[in-house]
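Visitor: Next input, structure requested:
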Amino acid sequence: MKILAIESSCDELSLAILDDGKVLTNIISSQIKDHQKFGGVVPELAARLHLENIEWVIKSALKEADLSINEIELVAYTKNPGLIGSLIVGKIIAETIGAYLEVPIMGCHHILGHIYGASIEEDFVYPVLAMVVSGGHTQIQLLRSVDDYEIIGQTQDDAIGECYDKVARYLKLEYPGGPIIDKLAQTGNPDEFKLPIPKTENEFDFSYSGLKTACTNLINKYNQNNEEINKADFAASFQKTAVQTICEKFEKAVIKYQPKTITVAGGVSANSLIRQKVVEIGKNNKIEHIIIPKLEYCTDNGAMIGKFAQEKINISKKLI
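Guide: Now for the predicted structure:
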């Protein structure tokens, strides 16, 4: 089945075309430069730019896939969660194409899309334990099938990506801060600054607001004393603590649930330390399938939505 998949939940408009799960094209229109001057995503601007860019995104995808629009058999789109204006734009695009072609449309969950995006080049062997790390969501999910999953742990406040961006802003780094902190951290001393890891009631939950507050207070203290903080050392110390906060809980979940596959998904899954730690956790616990997504499938993209839609179709066929 040829699926046209649309991802428009935030500041990236992406359109992918998949043929029986194989990615033929994955076009991404990024708005990072448009939002940088504001220090973060402006929802109204994101939705408007989606509308402005949709024509060339569709044309580019069809050209790269070497397909006619009439060959599409299903249109998938991100239904939720996300910025409401951006989601509405994606839904309208999907409904319009679906109505024109007289083919069905499928609304997909953004977070599950991220998880299944990790399986584009290597299929999951269930059960799967997934660490979801992004700018808006941070969770540990247990999946027994595409229709049987549960959140066993999640942040009680800030998402890890949100924490990265806010700390980067206090360090006067550009938006998005996550990749810059990751790069800086590789040249710094991760033991220079001692930062807190909050305790939570649920053994698999975690928190990032305390870490964010501790970082901003420390940076403010340096500023008030007219002292220059070593940004590389601070970035390394922050990253060590931020990653440890979730990875400790993730490993506990691996030990308890004994999954056959572990994976990491979401925009922050591009982080070098997180990728390293997930592999270490898998090897230490003799997990047979350790799936680390290609960098192109870490950020929001249409291919992940198309892959999720294909998995939903596959399981529905099994039930017939």
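Visitor: Check what pLDDT the nearest residue to residue 265 once chain neighbours are set aside gets.
Guide: Among residues not flanking residue 265 along the chain, residue 114 sits closest, at 4.1 Å (C-beta to C-beta, 6 or more residues apart in numbering). Backbone N, C-alpha and C define where each C-beta goes, glycine included. pLDDT, residue 114: 97.
Visitor: before we move on, what about residue 317?
Guide: 72.
Visitor: Check residue 143 too.
Guide: Value listed for residue 143 in the pLDDT field: 98.
Visitor: ok, it - contacts?
Guide: Taking C-beta atoms under 8 Å, 6 or more residues apart in numbering, we find residue 143 in contact with 115, 124, 126-130, 149.
Visitor: what's the helix or strand for it?
Guide: In the assignment (DSSP states H and E), residue 143 maps to strand 138-145.
Visitor: In that strand, which residues are buried?
Guide: For strand 138-145, a neighbour-count test (16 or more other C-beta atoms under 10 Å) marks 138-143 as buried.
Visitor: Where does the residue nearest to residue 189 when sequence neighbours are not counted fall, secondary structure wise?
Guide: What sits nearest to residue 189 in space, not counting adjacent residues and going by C-beta to C-beta, 6+ apart, is residue 233, at 4.7 Å. Using DSSP H and E, residue 233 sits within helix 231-257.
Visitor: Would you mark the buried spots in that helix?
Guide: For helix 231-257, by 16+ other C-beta under 10 Å, it's 231-247, 249-251, 253-254.
Visitor: ranges for the strands of this protein?
Guide: 2-7, 12-19, 22-30, 74-80, 105-109, 128-133, 138-145, 148-154, 261-265, 289-291 (DSSP state E).
Visitor: quick one, which of these is nearest to residue 307?
Guide: Of all the strands of the chain, strand 12-19 sits nearest to residue 307, with 6.8 Å by C-beta to C-beta.
Visitor: The closest one pairs with which strands?
Guide: strand 2-7 (antiparallel), strand 22-30 (antiparallel) (DSSP bridges).
Visitor: Put together a markdown table for those, with mean neighbour count on each row.
Guide: A markdown table is the format used below for those (neighbours: other C-beta atoms under 10 Å):
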| stretch | mean neighbour count |
| --- | --- |
| strand 2-7 | 28 |
| strand 22-30 | 19 |
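Visitor: and residue 69, which of those is closest to it?
Guide: Distance to residue 69, taken as C-beta to C-beta, is lowest for strand 2-7 among the strands paired with strand 12-19, at 8.1 Å.
Visitor: quick one, domains of the chain?
Guide: Using automatic domain parsing, the domain parsing of the chain gives 2-116+299-319, 124-293.
Visitor: ok, for the residue most central in space within the chain, nearest residue in space, not its chain neighbours?
Guide: With distances taken as C-alpha atoms, centre = their mean, the chain has residue 266 as the residue nearest its mean C-alpha position (1.7 Å). Once flanking residues are discounted, residue 266 sits nearest to residue 134: 3.4 Å by C-beta to C-beta, 6+ apart.
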